[in-house]
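> Take a look and give me a structure for this.
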Amino acid sequence: MTITLPSETLGINTVEDAQAADIRVIFTHATADYAECSLIMVDTEKHAEKVNGAVVMTIIADFLVDIRYQWIKAGPVQRNYIGWCDVDLSTPGIQDGVPPIQTSDIATVTLVDPSEADLDRASRTLDMDFLQGGMF
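Below you'll find the predicted structure:
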């Protein structure tokens, strides 16, 4: 997932802002949220383009979560390479795992307000949802 900086809508204007941002993806099946994963900024790229004759510089910040099962002789082992996923939102704390994503699930990317970062999804009121898509 990428965010173009500066982003006035999200209030993420610098690379430092992007590194500090708490961005998560929430997975929903039917109408129930069932998993939440952190997205970590992993890279930036500078871009220049002409707009009305003036050169405008932007930065593209790349965010990623990389959690998967690896198969070893004893069976599958979960590896968290980048970020984390809570796969049981009804239990307090993070129940780390790989979300069981299904066709027709919805993924919503949200910016979590720092004042509510330790609250569960249902208790947060200041989340700013800014991207949504379905799993096909």
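
> In the chain, where is pLDDT below threshold?
136 (pLDDT under 70).

> where's residue 114 relative to residue 95, distance?
23 Å (C-beta to C-beta, to the nearest Å). Bear in mind the C-beta positions are built from the backbone N, C-alpha and C, glycine included.

> Same question for residue 76.
17 Å.

> right, and residue 127 touches residue 113 too?
Yes. The pair formed by residue 127 and residue 113 meets the contact definition of C-beta atoms under 8 Å, at 6.9 Å.

> give me the element residue 60 is part of.
strand 54-64 (DSSP states H and E).

> Comparing residue 127 and residue 113, which residue is more hemmed in?
Between residue 127 and residue 113, counted using other C-beta atoms under 10 Å, the more crowded position is residue 127 (17 against 14).

> what residues are up against the more buried one?
110-113, 116, 121 (C-beta atoms under 8 Å, 6 or more residues apart in numbering).

> Take those and, keeping just the buried ones, write it as a ChimeraX select command.
Buried residues among these (16 or more other C-beta atoms under 10 Å), as a ChimeraX selection:
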select :110,111,112,121
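
> Would you format the contacts of residue 127 as a markdown table with distance to residue 31 and secondary structure included?
Formatted as a markdown table, the contacts of residue 127 follow (distance: C-beta to C-beta, whole Å; DSSP: H, G, I helix; E, B strand; the rest coil):
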| residue | distance to residue 31 | secondary structure |
| --- | --- | --- |
| 110 | 17 | strand |
| 111 | 22 | strand |
| 112 | 21 | strand |
| 113 | 23 | coil |
| 116 | 22 | helix |
| 121 | 13 | helix |
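
> and the longest strand seen in the chain, which residues are buried?
Longest strand of the chain, by residue count under DSSP state E: strand 32-51. Residues of strand 32-51 classed as buried by neighbour count (16+ other C-beta under 10 Å): 33-41.
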